[in-house]
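In: Quick one: sequence plus predicted model below, questions after.
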Amino acid sequence: MIRRAAVLTSGGDAPGMNAAIRAVVRSGLAQGWQMFGVRHGYAGLISGTIVPLGARDVGGIMQLGGTMLGTARSPEFRTEDGRCRALRTLNQHEIDALVVIGGNGSQQGAYALSEMGYPVVGVASTIDNDLSGSDITIGVDTALNIALEAIDRLKVTASSLERAFLVEVMGRDCGYLALMAGIAGGAEAICIPEIETHPDEVVAILADSYRRGKPHAIVVVAEGAQHDAHELAEHFAAHVDDIGFQLRTTILGHVQRGGHPTAADRLLATNLGAGAVQYLADGQYGFLAGNIGGKLAATPLAEVVSRPKTLDMSLLDLAGIMAR
Ligand code: ATP
């Protein structure tokens, strides 16, 4: 029986994590549990930085990006010794169950804890959307909208000056954000890690767009693309006469993480956070609370960590048609 439960955020911060913390804490309190927050992810679990969280402590945070608990990447937790120390902390604080809000790596950690027999449930949260067990993860919608706003703005200046812009978006080894931002932003070319796009192909696309009288061109490049933004920019500089457009490069980087969570992210976070607590209350341990087909769904963490998420590559063709 659960009397005391804790929540932590781990890995990269994602807008909506605060809404998920709030949902976990208030749902846990509604179950009659005492609720706790672990600061700085798995690092805090090892060092024992655990604080009680009441309903008022999680008030006024839903609209804020980042995470009130802090997050971290903890190499120590990847070791058996680190995980044993984390378990000791949980036992010392008499915490009966844990909710882990985070992405791929964080859910690997959650799975490792659950394999040690500890009651844990994950909440799908990463701007990369590279996590199996959830069609969409907390933070993606906000990050996508921030990337789109940047692309829209760049298009305005690009049109005025007949320029092409190379825009690098985040996403680690997953091209989801770049692909979606490219389609929604009307990009002429999209370079993602899942498929090699040779710089010469992009030069040809840009040159063709110029010949067809486009006043601007946008190339969206995922940070993990096989030919990254720097390499592409160098290649374009060497072929500027073939392309026609003047070229500029914008790396969005961490700007994409910090925004106020959109309504979609707040609602998703609330739904998944409350769902995770319900799974714990039902004794359904070792699962990820995700969203599949628009609905809350539980997927075993064992499946989540062993099955890579695939990207619908037909969307690249759609993007090509839309760029005519
Ligand atoms: P994002 O992709 O949004 O940055 P993430 O959760 O994938 O988030 P990671 O840095 O990959 O971020 O992982 C966060 C933490 O999870 C790591 O610092 C580590 O403590 C833990 N972790 C990652 N992989 C494992 C693993 N295989 N076993 C145990 N713990 C792990």
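Out: Nice, thanks for sending it over. Numbers count the residues shown, from 1 in each chain.

In: CA atoms for contacts and neighbours, from now on please.
Out: Fine.

In: got a list of what Ala233 touches?
Out: For Ala233, the contact set (CA atoms under 8 Å, 6 or more residues apart in numbering) comprises 166, 247-249.

In: So it versus Glu168, what's the distance?
Out: To Glu168, Ala233 is 11 Å away according to CA to CA, to the nearest Å.

In: on that earlier part again, of the contacts of Ala233, keep whichever come out buried.
Out: Applying 16 or more other CA atoms under 10 Å to those, the neighbour count classes 166, 247-249 as buried.

In: Narrow those residues to those in strands?
Out: When the buried ones among the contacts of Ala233 are checked against strands (DSSP state E), the matches are 166, 247-249.

In: The ligand next: which of those residues are close?
Out: Among those, proximity to the ligand is found for none (CA under 6 Å from any ligand atom).

In: Save those residues as JSON lines, and put in pLDDT too.
Out: As requested, those are exported to JSON lines (pLDDT from 0 to 100):
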{"residue": "Leu166", "pLDDT": "90"}
{"residue": "Leu247", "pLDDT": "85"}
{"residue": "Arg248", "pLDDT": "85"}
{"residue": "Thr249", "pLDDT": "86"}
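
In: How about the residues of this protein by the ligand?
Out: Near the ligand, when you scan the chain using CA under 6 Å from any ligand atom, you find 10-12, 42, 73-75, 77-78, 102-106, 108-109, 112, 126-127.

In: and if we set it to 8 Å?
Out: 10-14, 41-43, 72-79, 83, 102-112, 125-128, 130, 171-172 (CA under 8 Å from any ligand atom).

In: Touching, His260 and Leu64? I think so.
Out: Yes. In this structure His260 lies within contact range of Leu64 using CA atoms under 8 Å: 5.3 Å.

In: who touches both of those two?
Out: With CA under 8 Å, 6+ apart, His260 and Leu64 have common neighbours Pro15.

In: where's the residue lying farthest from the centre of the chain relative to the ligand, distance?
Out: Distance from the centre of the chain peaks at Asp241, with 38.2 Å (CA atoms, centre = their mean). As judged by CA to the nearest ligand atom, to the nearest Å, Asp241 and the ligand stand 39 Å apart.

In: With Glu115 instead?
Out: For Glu115, the distance to the ligand (CA to the nearest ligand atom) stands at 11 Å.

In: In PDB, could you pull the C-alpha coordinates for stretch 153-166?
Out: Provided in PDB are the C-alpha atoms of stretch 153-166 (Å, rounded to 0.1, in the frame of the first residue of the first chain):
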ATOM      1  CA  ARG A 153       9.800  35.700 -38.600                       C
ATOM      2  CA  LEU A 154      12.800  34.600 -40.600                       C
ATOM      3  CA  LYS A 155      10.600  34.300 -43.700                       C
ATOM      4  CA  VAL A 156       9.500  37.900 -43.400                       C
ATOM      5  CA  THR A 157      13.100  39.200 -43.500                       C
ATOM      6  CA  ALA A 158      14.000  36.500 -46.000                       C
ATOM      7  CA  SER A 159      11.300  37.800 -48.400                       C
ATOM      8  CA  SER A 160      12.300  41.400 -48.100                       C
ATOM      9  CA  LEU A 161      16.000  40.600 -49.000                       C
ATOM     10  CA  GLU A 162      15.600  37.600 -51.300                       C
ATOM     11  CA  ARG A 163      17.400  35.500 -48.800                       C
ATOM     12  CA  ALA A 164      17.500  31.800 -47.800                       C
ATOM     13  CA  PHE A 165      17.700  30.900 -44.200                       C
ATOM     14  CA  LEU A 166      19.100  27.700 -42.700                       C
END
